[in-house]
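>>> Got a predicted model here, sequence first, then my questions.
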Amino acid sequence: MDWMKIVSALALLMFIAFLFPRARDMMKNSPKGTSSDWMSFAIPIVVIILFIMLLIKLV
Amino acid sequence: MNRNISTVAQRAPSALATNKVLRNTYMLLSMTLLFSGLTAAISIFLQMPPMTYLISVIGGMVIAMFVLPRFANSPAGIGIVFLVTGMLGFGLGPILSMYASLPNGGNIITLALGGTGVIFLGLSAYVLTTRKDFSFLGGFLMVGFLLVLLAAVANIFLAIPAMSLMISAVVIMIMSGFILHDTSRIIHGGETNYVLATIGLYLTIFNIFISLLQILGIMGGDD
């Protein structure tokens, strides 16, 4: 239904407008991560990607 | 020596407070997840129409963004968390009914549910055992989330299945990052309100579940 698409899009746009100032603040105030910090984030993400691929195989 | 003793004495209550926030968060989270399951079952039983999902999500998010923060420090906050999670669970009913009607729908729902649990528990265990500080992820995750929301708005009208798949995959990555970030904030004392911590973690779990359902639904439909 078209009205559902329009309502969904408007709701998402309002959500984006609500989150934008918070995102800007977090960008300014978040501490900078070292390469070791980013690696500690990348490792579990790679594991999750592999896990999702396993789930897809199981469907 | 005296300095060391006073440092230990100061840290002990702080660690206790952090553990209390963590324990309360996980307790409230588990109760809200069970409550969501119950409202989802009621919604399936009542055979609610598809628009229920849209109305529930918009209503739940409006309450979570504008009402909950005002009551987060009072007992009413717990009631509002149950209201939001109950609404989101109720909205899941028509989605679950739609997937259940697919030839391998039961398998897809079970795998999405189990997969979400494994991802959440695995990432939580990773943060709790390593005790790493993931506060550096905050800005990156928020900007990534805004970009993926913009892509989702575009795809509402474009309706490209490959783009849906990509958006769902990126949402899972971003929500996984938020689990690391939020859990690390709790254990490092950055989040002291278990009501807000619970709703944050609940929304990450909800988004991972919906995205996994979509990925498994699209990929499982090839057979």
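All right, it came through fine. Numbers count the residues shown, from 1 in each chain, chains lettered A, B, ... in the order given.
>>> tell me the contacts of B:M166?
By Cβ atoms under 8 Å, 6 or more residues apart in numbering or on different chains, the contact set of B:M166 is B:A151. Where you see a C-beta, it was placed from the backbone N, CA and C, and this is true even at glycine.
>>> C-terminal to the helix or strand containing it, what's the next element?
Assigning secondary structure by DSSP states H and E places B:M166 in helix B:161-187. As assigned by DSSP H and E, the chain's next helix or strand after helix B:161-187 is helix B:194-220.
>>> tell me the angle of that next one relative to helix B:161-187?
Angle between the axes of helix B:194-220 and helix B:161-187 is 150 degrees (criterion: axes from the mean of the first three to the mean of the last three Cα atoms, to 10 degrees).
>>> Heading C-terminal from the lengthiest helix in chain B, find the next helix or strand.
The longest helix of chain B (DSSP state H) is helix B:2-45. Counting by DSSP H and E, the element after helix B:2-45 in chain order, helix or strand, is helix B:51-62.
>>> Which strands or helices does that next one pack on?
helix A:2-29, helix B:76-100 (3 or more Cβ pairs under 8 Å, 6 or more residues apart in numbering or on different chains; DSSP states H and E).
>>> Is any residue of the first one near chain B?
Yes - Helix A:2-29 reaches chain B (Cβ under 8 Å from any Cβ of the partner chain) through A:4-5, A:7-9, A:11-13, A:15-16, A:18-20, A:22-23, A:26-29.
>>> Let me see the mean pLDDT of that helix.
Helix A:2-29 shows a mean pLDDT of 90.
>>> mind listing what's buried in that helix?
Neighbour-count burial for helix A:2-29 flags A:V7, A:S8, A:A9, A:A11, A:L12, A:F15, A:I16, A:L19, A:A23, A:M26 (criterion: 16 or more other Cβ atoms under 10 Å in any protein chain shown).
>>> Kindly provide the distance from the nearest residue to A:P44 once chain neighbours are set aside to A:A42.
Nearest residue to A:P44, sequence neighbours excluded (Cβ to Cβ, 6 or more residues apart in numbering or on different chains): B:Y126, at 5.5 Å. Taking Cβ to Cβ, to the nearest Å as the criterion, B:Y126 is separated from A:A42 by 12 Å.
>>> more crowded one of those two?
Using other Cβ atoms under 10 Å in any protein chain shown as the criterion, B:Y126 and A:A42 rank with B:Y126 on top: 19 against 11.
>>> does that one really touch A:I48, like I thought?
No - the criterion here is Cβ atoms under 8 Å, and B:Y126 misses it with A:I48 at 10.5 Å.
>>> burial of residue 40, as a residue count?
Since no chain was named, I'll use chain A. Neighbour count of A:S40, defined by other Cβ under 10 Å: 18.
>>> please go with chain B instead
Using other Cβ under 10 Å, the number of residues around B:A40 comes to 21.
>>> now do the one 10 residues further on
By the measure other Cβ under 10 Å, the count of residues near B:P50 is 14.
>>> For the spatially closest residue to it that is not a sequence neighbour, which residues are in contact?
Counting by Cβ to Cβ, 6+ apart, B:P94 is the residue found nearest to B:P50 once chain neighbours are left out, at 4.8 Å. For B:P94, the contact set (Cβ under 8 Å, 6+ apart) comprises B:S43, B:M48, B:P49, B:P50, B:T52, B:Y53.
>>> right, and the pair among those residues with maximum separation?
Pairwise distances across the contacts of B:P94 (Cβ to Cβ) peak at 11.2 Å, for the pair B:S43 and B:P50.
>>> Which strands or helices does the helix or strand B:Y126 falls within pack on?
Using DSSP H and E, B:Y126 sits in helix B:105-130. Packing partners of helix B:105-130 (3+ Cβ pairs under 8 Å, 6+ apart): helix A:35-58, helix B:76-100, helix B:161-187, helix B:194-220.
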